[in-house]
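Asker: Sequence and predicted structure, then a few things I'm wondering about:
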Amino acid sequence: MAKTTNILEATKKRVTAQPRLHQKAAEIQRYGTVTPMLPLDLEEPVRLEMTEHLNQVVADTMTLRDLYKKSHWQVAGPTFYQLHLLFDKHYGEQANLVDAIAERIQLLGGISIAMAADVAETTHIQRPPRGREEVPVQISRLVDAHQIIVSEVRTMAPRATKLGDDGTADLLISEVLRTNELQIWFLSEHLVDMPLIHAIG
């Protein structure tokens, strides 16, 4: 009876409405490792390789997402309204891709890259200047960033299929590749030098 009373007293001491602030502890999983989280029937080396490649794609996708927001804020000129809306739409679609890719990494037992400093160290996309650029330069910069991601996906998807990771291959093709291809098309049409009033022919 005394032992039970001691356990109850100890439990009462631990339970409090006071927030436990400034807590610190060791990481529960290191970056670059995978855990055998779910019975996915994928060997550890496969999951390690896929999470490494997916982290590259997510870093580049986060950079492209933020490049869209920069362009959305800084666009200027007669096409301001149309591009302001288009850039924000594409930003939202890239943000959705970031979540989908990061969740796939976690599902495979890995750790998704997350912080801006880590993304900046990892991305293959060139950093833009802080200042405002002309619209054609903004669009060209966005298209170049898309091309980097498309190239990564076209290399990685067949590799995922070969290793039996059909879930990753499907994500890369049906979501990442198709979204980026469609956005490239919408952007590229704004770079066509087309007369607005008089036909050339």
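Answerer: Noted; the coordinates are in hand. Residues are numbered from 1 along each chain as shown.

Asker: Now do the contacts for Leu42.
Answerer: 50, 108, 163-165 (Cβ atoms under 8 Å, 6 or more residues apart in numbering). The C-beta positions use only the backbone N, C-alpha and C, and glycine is treated the same way.

Asker: how far away is it from Ala25?
Answerer: 30 Å (Cβ to Cβ, to the nearest Å).

Asker: Output the lowest mean pLDDT helix or strand found in the chain.
Answerer: Between all helices and strands in the chain, the lowest mean by mean pLDDT, DSSP states H and E belongs to helix 2-14, at a mean of 64.

Asker: I'd like the next helix or strand past it.
Answerer: With elements assigned by DSSP states H and E, the helix or strand that comes after helix 2-14 is helix 44-74.

Asker: Show me what the helix or strand just after that next one is packed against.
Answerer: Once helix 44-74 ends, the next helix or strand along the chain (criterion: DSSP H and E) is helix 80-107. With contacts taken as 3 or more Cβ pairs under 8 Å, 6 or more residues apart in numbering; DSSP states H and E, helix 80-107 sits against helix 44-74, helix 166-170, helix 178-188.

Asker: Read off the pLDDT value for Val15.
Answerer: Reading off the confidence values, Val15 has pLDDT 79.

Asker: ok, it - how many residues close by?
Answerer: 6 (other Cβ atoms under 10 Å).

Asker: I'm done for today, thanks for sticking with me.
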